[in-house]
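Participant: fold the stuff below for me.
(4 chains)
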There are 2 protein chains.
Amino acid sequence: MDNEKYDALKIENQLCFPLYACSREIIKQYKPFLDEIDLTYTQYITMMVLWEKKSLTVKELGSCLFLDSGTLTPLLKKMEAKGLLARRRSEEDERNLIVTITEKGESLKEKAVKVPAEMAKCTNLEPEEAMELYKILYKILGRSGK
Amino acid sequence: MDNEKYDALKIENQLCFPLYACSREIIKQYKPFLDEIDLTYTQYITMMVLWEKKSLTVKELGSCLFLDSGTLTPLLKKMEAKGLLARRRSEEDERNLIVTITEKGESLKEKAVKVPAEMAKCTNLEPEEAMELYKILYKILGRSGK
DNA sequence: TTAAATTTAATTGTGTACAATTATTACAGT
DNA sequence: ACTGTAATAATTGTACACAATTAAATTTAA
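Facilitator: Numbering: from 1, shown residues only, chains lettered A, B, ... in the order given. The predicted model follows:
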C-alpha cells in the first residue's frame, strides 16, 4: 500500500493545473489565426468586448476580462497606437478613463469573424462536453455566463 | 431579429476565455498559501513533478508541465539558487540537463501538503462537477490524466 | 567517416499578469 | 469650505510564457 499522505500533491490530482495548461494550449492554437489580424490573444478578447460595448471605462473592461489597470494600461496604449481604440478621460468624473472603439477597430471585425470559424475545427470536444465545460467554468467564475 | 453573423465573436460565446480567466483566478487563490512556502505557482507545479519523479531532464519536465526551456531555464536557475534542486548535464548525453530534487526540496513537501488542503476549502464545485471538468480538460490536452 | 540533419538547452526580445505603490479626483461628514 | 476616506488609473518591479534564434552535442545517411 502506497503512502497516501501526499497524494493531494501529485500533479495528476490537481484541477488547476490542467486548467492552466489547457488555457495556454488553446491560446497557442489561436496564434496563427490571430497573427493574420495582428492581435495577441489578450488584445483579441479586448476587441471582443469593444465590438459589443463600443465604449466603456478601464474599470468596466477589467471587470469583463478579469484584468486590472496594471495589465490593461500598457495593453490599451499599444492598441491605441495601432488605431483600434481611443482613450480619453471622462468629463463627469476625471478619474475614469473611457475606452472607445474606432472605425478601424470596427472594421477589423470583418476579418476577425474568420477566427472562431477556424478555431472550431481544432476542437476535439463533443458539443455536450463543451456545454458542460462552459457551465462549470462560469460556476467557478461566479457568473451566470449568459 | 439580431444580426447573428458575429455571435461567434461575442465574449460570452467563447470557451477559451473562461478557461483562461478561471486558470488565473484560481492561481490567485493559491497565492496566500504559496507565499507561506515561498513558491510561485509555476515553481509549485515544478516541485510537484520533482516530489514525484525526483530527477528528470528539462525536456521531460517541460513535457509534464507544457512548458519549454525558454520558461524553464530561468525558473530552474532561481529554484536552484533557493536550494530546492540541482542542475547538471547528463554524462551519457551532454545535451540533456538533469534536474534533481535536493534534501531541502524534499523537506518542503511537509509544509506544502497543507496547500491542497487549504485550497479544497475554496472550491464551490460538487465532486461530480470537478471530476467531469477534470475529464474534459485532459481530453483537450490529449492525455488520459491517469 | 564525415557532412548534413536533428535534438536539446540557453538566449533574446516581446507581451502579458499582478502585487504594491503613487497620484489624482471625487465624495462624505463635519 | 475642510479633512479624511474612497475610487480610479498609472507606475514600478517581479515573474512568467513563448516565438525565434543560437550553440553545442549527437545521430543519420551518403
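Participant: list the contacts of stretch A:56-67.
Facilitator: Stretch A:56-67 is contacted from outside by A:42, A:45-46, A:49-50, A:53, A:68-69, A:72-73, A:76, A:90, A:96-99, A:141, B:11, B:21, B:24-25, using Cβ atoms under 8 Å, 6 or more residues apart in numbering or on different chains. All C-beta spots, glycine's among them, are computed from the backbone N, C-alpha and C.
Participant: now check it, is it near DNA strand D?
Facilitator: Yes - Stretch A:56-67 lies within reach of DNA strand D by Cβ under 7 Å from any atom of the strand, at A:57, A:58, A:59, A:60, A:62.
Participant: got it, and stretch A:116-125?
Facilitator: No - contact of stretch A:116-125 with DNA strand D (Cβ under 7 Å from any atom of the strand) is absent, the minimum separation being 14.0 Å.
Participant: pull out the buried residues from that stretch.
Facilitator: Judged by neighbour count (16 or more other Cβ atoms under 10 Å in any protein chain shown), stretch A:116-125 contains these buried residues: A:116, A:119.
Participant: returning to what we had before: please report which of the residues of stretch A:56-67 next to DNA strand D has the highest neighbour count.
Facilitator: Highest neighbour count within the residues of stretch A:56-67 next to DNA strand D: residue A:58, with 18 neighbours (other Cβ atoms under 10 Å in any protein chain shown).
Participant: what sits opposite the spatially closest residue to that residue that is not a sequence neighbour in the beta ladder?
Facilitator: Excluding the flanking residues, the one nearest residue A:58 by Cβ to Cβ, 6 or more residues apart in numbering or on different chains is residue A:97, at 4.9 Å. Legend: beta-bridge partners of residue A:97 under DSSP bridges are residue A:89.
Participant: would you check how far apart residue A:97 and chain B are?
Facilitator: Per Cβ to the nearest Cβ, to the nearest Å, residue A:97 is found 20 Å from chain B.
Participant: count of neighbours near that residue?
Facilitator: By other Cβ under 10 Å, neighbour count at residue A:97 equals 17.
Participant: poorly predicted segments of chain A, please.
Facilitator: In the predicted model of chain A, residues A:1-3, A:143-146 satisfy pLDDT under 70.
Participant: need the residues of it near DNA strand C, please.
Facilitator: Residues of chain A lying near DNA strand C (Cβ under 7 Å from any atom of the strand): A:40-43, A:66-71, A:74-75, A:78, A:92-95.
Participant: if we go to 10 Å?
Facilitator: A:23-24, A:27, A:38-46, A:62, A:65-79, A:82, A:89-96 (Cβ under 10 Å from any atom of the strand).
Participant: now a PyMOL select for only the buried ones of the residues you listed.
Facilitator: Selecting only the buried entries of the residues of chain A next to DNA strand C in PyMOL, with 16+ other Cβ under 10 Å as the criterion:
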select buried, chain A and resi 23+24+27+39+40+41+42+43+44+45+46+62+65+66+67+72+75+76+79
